[in-house]
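K.L.:
Next comes the sequence, and after it the predicted model I'd like to discuss.
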Amino acid sequence: MPSPAFNAADFRVFETKGFQARMGEIKGRVRPKLEALGHSLAPAVQRTTNDDVFAHVAKHARRTVNPPADTWVAFGPDARGYKKYPHFKVAVSRNCVRFLFEVGPEHADKKRWAAAWKKNAPKLGPVLRRLRGLAWFKNEHDEEPSATLAELEMDKLAGLGDELTRTRDGQVVIGRAVPASEAARWTEAEYRAAALETFRALAPLYRLK
């Protein structure tokens, strides 16, 4: 199994022009590393969540024309898929690698999760804001966050739950991005440590009911 550490050439895959050419590069270079990362992290993520955890590597099956700007491995509680549940994700794109917690548009009960977040935000917010670099991303594919959690007032932080129900495609995405220039020098152990540090900090969100 390949090392799950990404190098500079892996990030440059997302410069490849054309759908077929870029997908070939993703399948050949990036996906095997995501699969290795999923295999490596899943047991530790399971211990963090106290729940079954399965790794799902993006296949981009719905795409036929536009090449993906990022790709990822997601961790969720169902072997058949992750999109209906809160999940963790390691996403790779041209300029960064992101370690994320997401509740997305296909979540089975968005209103209930949003209400649970708003109820618990006063307790969780101060803890989350202490982790350096933890931020809110308006969209799961964004490389740049919209705001760090440390910058958000408590009412704004609590209001992030409304992002999930505001529109049909609403989502809540919290995590951190590491520039490709830095992440390309990381070892496998550093990727693992960064992912688990972030996921452990965000585990209370994963468990919200």
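P.N.:
Nice, thanks for sending it over.
K.L.:
Now do the strand or helix carrying residue 112: which elements does it pack against?
P.N.:
Per DSSP states H and E: residue 112 is located in helix 110-128. Applying 3 or more Cβ pairs under 8 Å, 6 or more residues apart in numbering; DSSP states H and E, one finds that helix 110-128 contacts helix 154-158, helix 162-166, strand 172-179, helix 188-206. Any C-beta I mention is one placed from the backbone N, CA and C, and that applies to glycine too.
K.L.:
Okay, angle between that helix and helix 188-206 too, please.
P.N.:
For helix 110-128 against helix 188-206, the angle by axes from the mean of the first three to the mean of the last three Cα atoms, to 10 degrees is 120 degrees.
K.L.:
continuing past helix 110-128, what's the next helix or strand?
P.N.:
Next along from helix 110-128, by DSSP H and E: strand 135-137.
K.L.:
Quick check: neighbours of that next one in the sheet, parallel or antiparallel?
P.N.:
strand 147-148 (antiparallel), strand 172-179 (antiparallel) (DSSP bridges).
K.L.:
out of the helices and strands packed on helix 110-128, nearest to residue 118?
P.N.:
Closest to residue 118 of those is helix 154-158 (Cβ to Cβ; 5.2 Å).
K.L.:
elements contacting the closest one?
P.N.:
helix 110-128.
K.L.:
In the helix it packs on, which residues are buried?
P.N.:
Using 16 or more other Cβ atoms under 10 Å as the test for burial, helix 110-128 gives 110, 113, 114, 116, 117, 120, 121, 124, 125, 128.
K.L.:
want to throw the residues you listed into CSV with pLDDT and distance to residue 153?
P.N.:
Output for these, formatted as CSV (pLDDT from 0 to 100; distance: Cβ to Cβ, whole Å):
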residue, pLDDT, distance to residue 153
110, 90, 24
113, 92, 22
114, 91, 19
116, 93, 20
117, 92, 16
120, 92, 17
121, 89, 11
124, 90, 15
125, 86, 10
128, 88, 14
